[in-house]
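> Just to be clear, the model below is a prediction. Sequence and coordinates:
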Amino acid sequence: MHPVRVSIPSFRSENNSIEKGYTVFKIDVLMNGRQHTVEKRYSEFHALHKMLKKSIKPPEIPSKHVRNWVPKVLEQRRQGLELYLQTIIMENEVLPKIFLDFLNIRHFPSVPKTESCGSFDTESEESSKLSHQPVMLFLRDPYLLPSAHDAFSNVVIEGVIHGVFYPDLQPSSAHI
């Protein structure tokens, strides 16, 4: 199952003197236990659809033209747009960047579940523990001098230590 879930629980009509009335759809986005809301007009869904057609085969989008703006028709459009978003999520293992942007989801490289940095899921104790992986591992103290027969092992350690702690210091000419 995909870590992203969407629903469109409601919509509202907007009217102002500058442009004719339009409908705003409220999209609830749940990802990795965190929920946020995005509001989009149909025209934004239509623009997303046109962009998605360049990279994937998106499902059918509800018709752009609506004969009348009665609540029943708008409810059908809400259901259709919700199904549209859910189908994109179900049919694509990797979601396109444009789709993630539309839902205001920050995109990170996909990481397998076993390497994730924990979860807010309280169903199991395992999911609440963070998993850590070492960035650098020293088999012995890097500050100690290497044994006399180990001529090259210190070159890497010295380079890493100098790079981390003394980035402006030029390497010594003895190791070049």
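Structure's in. What do you need?

> When you work out contacts or count neighbours from here on, use the C-alpha atoms and nothing else.
OK.

> Could you give me the buried positions within the longest helix belonging to the chain?
Ranked by residue count and defined by DSSP state H, the top helix of the chain is helix 71-91. For helix 71-91, burial by neighbour count (16 or more other Cα atoms under 10 Å) applies to 74, 77-78, 80-86, 88-89.

> Now flag whichever of those is closest to F25.
Nearest to F25 among the buried residues of helix 71-91, counting by Cα to Cα, is R78 at 7.2 Å.

> Report whether the expected contact of the closest one with K26 is present.
No: using Cα atoms under 8 Å, R78 makes no contact with K26, being 9.3 Å away.

> State the distance from the closest residue to S55 other than its chain neighbours to I89.
Closest residue in space to S55, ignoring its immediate chain neighbours: P96 at 7.7 Å, by Cα to Cα, 6 or more residues apart in numbering. For P96, the distance to I89 (Cα to Cα, to the nearest Å) stands at 10 Å.

> And D101, by the same measure?
Distance of D101 to I89, given as Cα to Cα: 14 Å.

> Strands along the chain, start to end?
For the chain, applying DSSP state E gives strands covering 4-14, 22-31, 34-41.

> most tightly surrounded among those?
Neighbour counts (mean count of other Cα atoms under 10 Å) averaged over each of those peak at strand 22-31, with a mean of 18.

> what about R77, distance to P58?
17 Å.

> sorry, that was for L100
Distance from L100 to P58, by Cα to Cα: 14 Å.

> now do F25
20 Å.

> ok, now G21?
Relative to P58, and taking Cα to Cα, G21 is found at 28 Å.
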